[in-house]
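In: sequence unknown, structure follows:
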């Protein structure tokens with residue numbers, strides 16, 4: 001069969017030729033189309049739809065409503081740091097940033113001019129409750145679960161509460177999780193204003209501004225520390241470059257604050273150290289606030305003899321008057337009755353030796369509970385003065401002395417008048433016995449001569 005052939009009919013041959021012509025035409029068409037495609041610029045690629053995850057990021061969704069909790073048991077769980085209870089509560093993720101509310105009854109002054117009992121809702125958070133009590137484990141768990149570190153329900157953040165309580169571990173945890181060390185509370189305080197513990201150094205090393213201002217009073221942390229005689233804090237703030245000349249809204253410096261805060265004799269030593277540190281750092285003892293009240297006015301009003309003496313030695317003016325017309329001596333005489341055992345005579349002597357003028361005779365009556373102060377003041381007069389307003393008092397003094405002022409005393413008065421405000425510096429340089437120097441400088445010997 002392989003060697004056999006068969007003839008094509010005319011119809012079959014014609015069909016083959018037509019098929020061959022069609023194939024040649026199709027090849028020519030494809031070749032032309034290919035040349036056209038290669039000779040023109042390509043079209044830009046059509047944009048693709050965004051990836052599913054990108055579409056999800058661009059979607060805007062409303063924040064879920066914040067959970068409010070008034071359950072006292074839940075509050076106590078975070079306040080007590082009960083970790084077993086904390087895990088149970090946080091099974092609901094919404095409780096991490098839940099708004100903790102408590103309702104309390106408070107007396108409120110109404111427009112009807114009367115006091116009335118009114119309910120007030122106070123707000124806080126689980127993080128604030130735990131930080132305020134120093135439960136570092138609870139704070140760490142809340143932060144791990146996504147607690148908002150700078151949330152301030154009720155007007156303060158957890159960092160404020162941790163600083164108030166002096167919980168340094170909680171402060172360190174909050175800062176490590178991004179807490180803002182300069183955030184202000186509703187009343188305008190930064191965390192650094194509230195520190196009374198080593199938390200201050202953590203805040204400063206975490207980027208807190210050492211001269212941060214309170215919103216309304218314009219107080220700096222150095223003002224607060226000086227007012228409370230926190231000598232370690234004052235030293236810390238000064239080492240970070242705190243401004244000793246910064247003034248608050250009343251125009252007062254940290255030195256004014258330290259001198260006005262020295263009200264308790266038991267704390268006089270700490271306040272003295274603070275004053276000395278501020279002066280060494282460049283504080284100006286003559287700076288006065290809006291009422292022209294100088295640090296010396298404050299020291300005299302608190303009957304702080306060592307502080308007053310340090311201020312005078314560093315250039316404080318003994319005869320400057322405030323806006324009410326009172327000199328430092330006037331401020332001293334007004335409180336002698338309150339501090340008869342705080343050596344008011346030493347302050348009076350220092351003031352007189354630094355240029356203060358003799359006091360008005362009627363003011364001496366205010367020192368009746370401090371005979372030593374009366375002696376110092378009377379020794380600035382050549383004779384025991386006459387005062388019609390307090391005649392019996394001065395008559396009693398004359399009867400007590402029973403003699404006219406001595407020639408030695410009159411000589412002292414002449415020399416002191418000659419030396420004037422330079423009395424202390426001049427007498428200190430004289431080559432005379434120390435007993436004579438003490439006499440010229442009005443040192444009290446419990447006698448009037």
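Out: That came through fine. All values reported here derive from a predicted model rather than from experimental measurement. Numbers count the residues shown, from 1 in each chain.
In: Spatially central, which residue of this protein would that be?
Out: Among the residues of the chain, the one closest to the centroid is residue 193, at 2.3 Å (CA atoms, centre = their mean).
In: how close does that one sit to residue 296?
Out: From residue 193 across to residue 296, the span is 27 Å (CB to CB, to the nearest Å). Any C-beta I mention is one placed from the backbone N, CA and C, and that applies to glycine too.
In: Ok, residue 343 next?
Out: Where residue 296 is concerned, residue 343 sits at a distance of 16 Å (CB to CB).
In: Comparing the two, which shows the higher neighbour count?
Out: Remark: of residue 343 and residue 296, residue 296 carries more neighbours, 29 against 18, as counted by other CB atoms under 10 Å.
In: what about that one, is that helix, strand or coil?
Out: helix (DSSP: H, G, I helix; E, B strand; the rest coil).
In: What ranges does this structure have for its strands?
Out: 68-69, 99-110, 114-125 (DSSP state E).
In: Need the mean per-residue confidence for stretch 230-242.
Out: Across stretch 230-242, pLDDT averages out at 95.
In: Give me the buried positions along it.
Out: Residues 230, 231, 233, 234, 236, 237, 238, 240, 242 are the ones in stretch 230-242 that count as buried (16 or more other CB atoms under 10 Å).
In: try stretch 353-369
Out: Those would be 353, 354, 355, 356, 358, 359, 361, 363, 364, 366, 367, for stretch 353-369 by 16+ other CB under 10 Å.
In: got the residues you listed as JSON lines, with pLDDT and distance to residue 328 columns?
Out: As requested, the buried residues of stretch 353-369 are exported to JSON lines (pLDDT from 0 to 100; distance: CB to CB, whole Å):
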{"residue": "353", "pLDDT": "94", "distance to residue 328": "13"}
{"residue": "354", "pLDDT": "93", "distance to residue 328": "10"}
{"residue": "355", "pLDDT": "91", "distance to residue 328": "11"}
{"residue": "356", "pLDDT": "92", "distance to residue 328": "7"}
{"residue": "358", "pLDDT": "89", "distance to residue 328": "14"}
{"residue": "359", "pLDDT": "89", "distance to residue 328": "11"}
{"residue": "361", "pLDDT": "82", "distance to residue 328": "19"}
{"residue": "363", "pLDDT": "85", "distance to residue 328": "13"}
{"residue": "364", "pLDDT": "82", "distance to residue 328": "16"}
{"residue": "366", "pLDDT": "85", "distance to residue 328": "15"}
{"residue": "367", "pLDDT": "86", "distance to residue 328": "15"}
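In: Let me have these in TSV, extended by distance to residue 291.
Out: What follows is those, written out as TSV (distance: CB to CB, whole Å):
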residue	distance to residue 291
353	26
354	22
355	22
356	20
358	25
359	22
361	27
363	21
364	26
366	22
367	25
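In: Among the buried residues of stretch 230-242, list the two that are farthest apart in space.
Out: Farthest apart among the buried residues of stretch 230-242 by CB to CB are 231 and 240. That separation is 15.3 Å.
In: and residue 76, how many neighbours does it have?
Out: Around residue 76 there are 12 residues (other CB under 10 Å).
In: Would you mind listing the residues in contact with it?
Out: By CB atoms under 8 Å, 6 or more residues apart in numbering, the contact set of residue 76 is residue 82.
In: confidence score at it?
Out: Per the predicted model, pLDDT is 93 at residue 76.
In: likewise residue 181?
Out: Confidence score, pLDDT, at residue 181: 95.
In: what's the nearest residue to it if we skip its chain neighbours?
Out: residue 208 (3.8 Å; CB to CB, 6 or more residues apart in numbering).
In: quick revisit: now intersect the buried residues of stretch 353-369 with the helices, please.
Out: 353, 361, 363, 364 (DSSP state H).
In: doesn't residue 375 make contact with the last one?
Out: No: the criterion here is CB atoms under 8 Å, and residue 364 misses it with residue 375 at 10.2 Å.
In: quick one: residue 311 and residue 297, what's the gap?
Out: Taking CB to CB, one finds residue 311 at 10 Å from residue 297.
In: that older thread, want to throw the ones in helices among the buried residues of stretch 353-369 into CSV with distance to residue 72?
Out: Listed next are those as CSV, based on distance: CB to CB, whole Å:
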residue, distance to residue 72
353, 65
361, 67
363, 60
364, 63
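In: Pick out the most distant pair among the residues you listed.
Out: 353 and 361 (20.3 Å).
In: thought the residue nearest to residue 181 was touching residue 191?
Out: Yes: when contacts are counted by CB under 8 Å, residue 208 is listed as touching residue 191 (7.0 Å).
In: Those two: which is more packed in?
Out: residue 191 (33 against 23).
In: Report the buried residues of stretch 325-336.
Out: 326, 327, 328, 329, 330, 331, 332, 333, 335, 336.
In: typed the wrong thing, it's stretch 270-277
Out: 270, 271, 272, 273, 274, 275, 276, 277.
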